[in-house]
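predicted coordinates and the sequence they were generated for:
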Amino acid sequence: VIGHTPQADVRWLRAPLTVGDADPATRELEAVGWVSSNYVTGFTYRWDQFRAPVAGRYRVRFSGYTLWVPPGGIQMSYKGESDKKGTPRPPNKNVGDYDHPQPGRNDEPITVYTRNGVLNSRAIDELGLRGADVKIAGTTIERDAQGAPTGLLTGGGVSSYLRNKLPMGDAQRQVESVRAHLLALNSMGLTTSVDWGGYGFTEEWYEPFRTLHRQNALTMRVFHGTWYNTVNAADTDKAVAQIRELKAFQGDDMMDRIGFGETVLLPLHDNPSNKGAQISQENLALWRRIVQAVADRGMHLSVHANQRESLDAFLTQIEDINRTHPIRGLRWSFAHVRQLSTSDMERMRKLGMAALVHSQATISGQILQRIHGEAALDQPPVRTVLESGIPWGLGSDSNGAAPSNPFYTLWWAVTGNMLGGKPSLRQTISRQDALIAHTRNNAYFVFREGDIGTLQNGKYADLLVLSHDYLTVPAEQIKDITPVITMVGGKIVYEAVSK
């Protein structure tokens, strides 16, 4: 299964997953692995669910930063949404609730990140937030009547601030962490990842993957792009110069850079949780310069675009670029496309562009409906994209937007439901069409349709042996399918433990 699953953020890949028996009352999990997380970036946590390999009480550790998990797992919800059991469980916002997660073990800093940050007393101290004059860019440190921090951080800068507070760790730890993360994705059924980076991303974060590649130890195919966190005119000058020297397709069938994207200019990175996008002519001119440089270089481009305003403005610029630098054959694409219209699809068809459709609504469907009304049930317009005839693929997006498990994405496309059971999509498709979009179609986006995506003579043996028959199991049970065996290039990279 080929997924759009960004995985290069090694800030949240600190240590391999282990289950320890030192404390008979508590099993300890290190790093991610069995934690099917939505956003675990170093010092921060956001959970869609916790899937433990064995029963019992767990604590999840990241380099000393700990969140205790009660028996049965924690089901903290995404932005206050329902968990997979349908029970609304927003995270506690009282710092005291996290000061004593376990009798006798109150000495570890804890932070929980949903839309905001929730810190316990030790974390407040380690971050040095008690002083009244402490400021964090883009963030409000909530304080009580006496001026003491309550432990609640709010604002758009919370995520960047928290995830950048945990050091990277040594090279060997990063490599082992990436190895564990890839195996966790293998255990979900992923054989290939199309990765488009993330906020604060730098090229060095791919180095642990390259190390495993050189050791012939990658258990997934990793295809990725490049982007530069560009904000202003000076950044744009630098990005254009770098793009002129950038080379794609210098790797091989296990790891390769395939192009540029997905965020071209950070101020134009639209959020589906907002109503509309603000497109200034000044920022659009900077965006155009970068995209023009990619076209001049003859490279593949993937562009983050959710809102109507973004899609229309970006298409207009690309159409103009296409008049002098035709892009057909470069397989340019829009990613997410929540408000893509039929007229947009026709414009894309003429340009030879494609759409990457993602399953954010598995966990954020209800909040998107509150923001956008009933129209959110047709966003993204999955069936319309399918029927349009433009190339398209299906995936999960980043860990912060949707669970990585491909069977959750397939289940969502077929049933239209959130993990909590509430409706989030009217434009459902057949399970056959969903499977094709998540396998064969996605091979197109990494320029490897001759090697992967289908099972046939002459292609690599990237395949799964499943716990249930995907084509006949009741639709509601698609999300519960698990791999018994995951194979990449004819080699078994994951095998379920016999019960």
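Looks like it came in fine. If you're wondering where the values come from, they're calculated on a predicted model, not measured in any experiment. Residues are numbered from 1 along each chain as shown.

helix/strand/coil for Arg210?
Remark: Arg210 carries the secondary structure label helix [criterion: DSSP: H, G, I helix; E, B strand; the rest coil].

which residues touch it?
The contact partners of Arg210, taken as C-beta atoms under 8 Å, 6 or more residues apart in numbering, are Met255. To be clear about C-beta, it is placed using only N, CA and C from the backbone, and glycine gets the same treatment.

let's see that with 6 Å instead.
Listed by C-beta atoms under 6 Å, 6 or more residues apart in numbering, Arg210 has no contact partners.

separation between it and Gln250?
Arg210 sits 12 Å away from Gln250, going by C-beta to C-beta, to the nearest Å.

for this protein, longest strand please?
What stands out as the longest strand in the chain, according to DSSP state E, is strand 255-262.

in its sheet, what does that strand sit against?
Its sheet considered, strand 255-262 pairs with strand 221-226 (parallel), strand 300-305 (parallel) by DSSP bridges.

for Thr211, see how far away the nearest residue to Leu455 once chain neighbours are set aside is.
Excluding its sequence neighbours, the residue lying closest to Leu455 (C-beta to C-beta, 6 or more residues apart in numbering) is Leu463, at 6.1 Å. Distance of Leu463 to Thr211, computed by C-beta to C-beta: 26 Å.

in which helix or strand does the residue nearest to Asp433 when sequence neighbours are not counted reside?
Using C-beta to C-beta, 6+ apart and skipping residues adjacent in sequence, the residue nearest Asp433 is Leu386, 5.9 Å away. Using DSSP states H and E, Leu386 sits within helix 382-388.

got it, and Leu394?
Element membership of Leu394 [criterion: DSSP H and E] is strand 392-395.

quick check: which helices or strands does the helix or strand that that strand is followed by pack against?
Following strand 392-395 in sequence order, the next helix or strand is helix 406-415 (DSSP H and E). For helix 406-415, the packing partners by 3 or more C-beta pairs under 6 Å, 6 or more residues apart in numbering; DSSP states H and E come out as helix 431-438.

need the residues that contact whichever helix or strand comes after the helix it packs on.
On the C-terminal side of helix 431-438, the closest following helix or strand by DSSP H and E is helix 440-445. With contacts defined as C-beta under 6 Å, 6+ apart, helix 440-445 is touched by 2, 194, 391, 393, 449, 452-454.

between these, which has the most around it?
Within the contacts of helix 440-445, neighbour counts (other C-beta atoms under 10 Å) peak at Ile2, which reaches 30 neighbours.

off-centre distance for the longest strand of the chain?
16 Å (C-alpha atoms, centre = their mean, to the nearest Å).

could you point out which element follows it?
Criterion used, DSSP H and E; the element after strand 255-262 is helix 281-297.

flag every buried residue along stretch 429-446.
Buried residues in stretch 429-446, counted by 16 or more other C-beta atoms under 10 Å: 429, 431, 433-446.

now do the same for the nearest residue to Leu351 once chain neighbours are set aside: its pLDDT.
Distances taken as C-beta to C-beta, 6+ apart put Asn322 closest to Leu351, at 5.8 Å, once the chain neighbours are dropped. At Asn322, the pLDDT value in this model is 98.

same check on His181?
Note on His181: pLDDT of 77.

begin at 403, not 1, for the rest of this chat.
That works, and once the first residue is 403, the last one we named lands at His583.

check which helix or strand covers it.
Using DSSP H and E, His583 sits in helix 573-590.
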